[in-house]
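K.L.:
coords below, sequence missing:
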């Protein structure tokens with residue numbers, strides 16, 4: 001059987017529960033405060049941007065590495081048989097764009 005509690009023990013328990021409730025309500029108030037909500041939203045958005053930027057960096061780095069592997073041999077010498085055609089295509093594209101701009105102007 002449970003021991004009978006004294007009025008002082010009951011009052012102490014009530015005071016303790018009130019304090020716990022006050023702390024809990026303060027925490028809820030902070031969590032639901034508009035500034036807290038905005039700060040959390042900003043942090044989530046920043047994290048999403050960081051993840052996206054990180055993925056973009058990895059993809060760009062991989063693309064550059066792939067292109068480099070195609071244009072440079074393993075010992076670091078340029079592969080002229082691949083560079084010259086790419087350069088010629090680049091020059092042709094720039095030339096065509098230049099002609100197109102001149103005809104419009």
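P.N.:
Structure's in. What do you need? All of these numbers come straight from a predicted model, not from anything done at the bench. Numbering: from 1, shown residues only.
K.L.:
low pLDDT regions in the protein?
P.N.:
1-2, 105 (pLDDT under 70).
K.L.:
domains in it, as residue ranges please.
P.N.:
30-71, 80-105 (automatic domain parsing).
K.L.:
format the ones you listed as JSON lines; extra columns: mean neighbour count.
P.N.:
Quick note: C-beta positions are derived from backbone N, CA and C, even for glycine. Formatted as JSON lines, the domains of the chain follow (neighbours: other C-beta atoms under 10 Å):
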{"stretch": "domain 30-71", "mean neighbour count": "10"}
{"stretch": "domain 80-105", "mean neighbour count": "10"}
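K.L.:
dump those into TSV; add distance to residue 12 as well.
P.N.:
Shown next, in TSV, are these (distance: least, C-beta to C-beta, whole Å):
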stretch	distance to residue 12
domain 30-71	27
domain 80-105	83
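K.L.:
which strands or helices does the top helix by length along the chain pack on?
P.N.:
In the chain, assigned by DSSP state H, the helix with the most residues is helix 34-71. Packing partners of helix 34-71 (3 or more C-beta pairs under 8 Å, 6 or more residues apart in numbering; DSSP states H and E): helix 80-104.
K.L.:
give me the contacts around stretch 76-87.
P.N.:
70, 71, 72, 73 (C-beta atoms under 8 Å, 6 or more residues apart in numbering).
K.L.:
before we move on, the earlier item: can you give me the angle the longest helix of the chain makes with helix 80-104?
P.N.:
120 degrees (axes from the mean of the first three to the mean of the last three C-alpha atoms, to 10 degrees).
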